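> Below are the sequence and a predicted model; questions follow.
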Amino acid sequence: MSQLAKTPEATLDPFALPPLEPSPDGALQATVQCRTTRTGGSRLHHRITIETDWSVRTPHDIALERIATAMGGYLSCVDLVDREVPALRELVQLRARRVLPRITRNTDGRWTLRAVTPQCRCTHGEFHIAAEAAEHARDPHHVARRHGVMPRRLAHLHTAISRAHGTAFYLPPYDDCGAGRTVRERDGVAQLWEAGVHPLVVARLHEALWPGGPPMPVWFYLGAVSRRPDLAWVADTLAAVPDEDVAVWLCWTDTELDCTHPEARTAWLRAGVPRRAIVALADGAYTPVDVAQLAAWTRRSIPGAAVTLAAWHRAGCHPTPADLALLDGPDVDPWYKPSVGAVDWLWDRVGNARTGPTRTQIGLILAVCGTRTTALTLLAKGVRDPCVAARVMNGDESALTAATRTKAAGTRR
């Protein structure tokens, strides 16, 4: 069993691994250059000790040297203690995969760093795959810029650490935690290592979410470590709907609704609601109660009601189940779903004015009218209520007159 697996506190959090110490024996001694000026000047060398907790012992009284630095002096060992060794610790933990790189995937499908570094290519760079983003996060030049230290001095210290451990951490360690049995792809452990994920994290995630379950795709682990969904929620959903691909989907599509209604996805999946519709429902904050109400008040099944609400959300509208139930009264197609393009077209023309309708009102009026031009005419005349629109469509001019007066009164105010 590996030293990592023996650490009892590491089992509390599948993502938490104990930090790598400076050397296999704990503390590390190294020789560094010591300067009293930033450029030129004397170049002395002396020994330092990097302790097991990554604190530093030098021949200097660093507290006094900090005072001298504040008064205009300079000693390179102050930078060594305050910035270079903290940068070294971050670099080593990232390269040893003891901490996860802070990377994320944007809406365009590209990977980025959550916190970019000034004067570094990550400020405007996007990466095609997670491994590329993780490699940049652990690049010595990137870490040096993050901490404001010279890459050459950081590289010198990192070389001493690599020699002490006998590795530069390019390859994952021997798989004595069984991670290979928990990843579907043959080279999955290697892929995840390149993306900054230690095999022990992989094994722990699998054990936490699906003990004894089948191997999970690489994308599941990438979603879990980059998005950090509620693992208990994922595990509970998988217990009800045991499917590896569902696990991937959960990790990549969790929303605030899943925190407030953690049972919603299980209910929708069991009812046969398509996953694409479930994602839209969760993003639009529609709950299982909303779906059940719409199904009860209309001629829809539970999956049909869910698909309808999801379609309205994708169009940028958020009617209540009661709003949609009212559409069954007017002569409206009960299976109507708003067109995103049509709603956008109307919004561009009437939705931006101070007294203009909301996007949801535009969608409901469009549902009653059936065409953009007719909906535009009624919206321009002040119609906001789909029931009023239905009366106008049936020839009730008095309803239109009342709506026009209401609009005029609002404009005067």
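Looks like it arrived, so ask away.

> Give me the phi and psi for Asp175.
Main-chain dihedrals, Asp175, degrees, to the nearest 10: phi -80, psi 80.

> Now do the contacts for the closest residue to it other than its chain neighbours.
Nearest non-adjacent residue to Asp175, counting by C-beta to C-beta, 6 or more residues apart in numbering: Pro199, 5.6 Å away. Backbone N, C-alpha and C define where each C-beta goes, glycine included. Contact analysis of Pro199 by C-beta atoms under 8 Å, 6 or more residues apart in numbering lists 172-173, 175, 177, 179-180, 189, 192-193.

> Now do Pro199 against Ala390, distance only.
Look at Pro199 and Ala390: by C-beta to C-beta, to the nearest Å, they are 63 Å apart.

> One more: Asp175?
From Asp175 to Ala390 the distance is 66 Å (C-beta to C-beta).

> Could you check which of those two is surrounded by more residues?
Higher neighbour count among Asp175 and Ala390: Ala390, with 21 against 15, using other C-beta atoms under 10 Å.

> pLDDT averaged over the host helix or strand of the more buried one - what is it?
Here Ala390, judged by DSSP states H and E, is contained in helix 386-393. The pLDDT scores in helix 386-393 average 86.

> so who does Glu84 touch?
Glu84 is in contact with 147, 149, 153-154, 157, counting by C-beta under 8 Å, 6+ apart.

> Specify the local secondary structure of it.
At Glu84 the chain is in helix, as set by DSSP: H, G, I helix; E, B strand; the rest coil.

> Please tell me how far the residue nearest to Trp249 when sequence neighbours are not counted sits from Gly284.
Distances taken as C-beta to C-beta, 6+ apart place Arg275 nearest to Trp249, at 5.9 Å, with adjacent residues excluded. Separation of Arg275 from Gly284 (C-beta to C-beta): 15 Å.

> Just want to know which of the two has more residues nearby.
A count of neighbours by other C-beta under 10 Å puts Gly284 above the other of Arg275 and Gly284, at 18 against 15.

> my guess is that one contacts His313, does it?
Yes - using C-beta atoms under 8 Å, Gly284 is in contact with His313, at 3.3 Å.

> got a winner among the contacts of Glu84 for most neighbours?
Leu157 (25 neighbours).

> Can you verify my assumption that it contacts Val85?
Yes - in this structure, Leu157 is within contact of Val85 by C-beta under 8 Å, at 7.3 Å.

> hmm, back to that, distance from the chain centre to the helix holding Ala390, please.
Centre-to-centre, helix 386-393 and its host chain are 44 Å apart (C-alpha atoms, centre = their mean, to the nearest Å).

> can you pull the buried residues of that helix?
By neighbour count with 16 or more other C-beta atoms under 10 Å, helix 386-393 contains the buried residues 386, 388-393.

> Quick one: these as TSV, columns for distance to Thr117 too.
Formatted as TSV, the buried residues of helix 386-393 follow (distance: C-beta to C-beta, whole Å):
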residue	distance to Thr117
Pro386	52
Val388	57
Ala389	55
Ala390	58
Arg391	61
Val392	59
Met393	59
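
> Could you single out the nearest of these to Arg227?
Pro386 (38.3 Å; C-beta to C-beta).

> Which residues are in contact with the closest one?
323, 326-327, 330, 364-365, 367-368 are the contacts of Pro386 under C-beta under 8 Å, 6+ apart.
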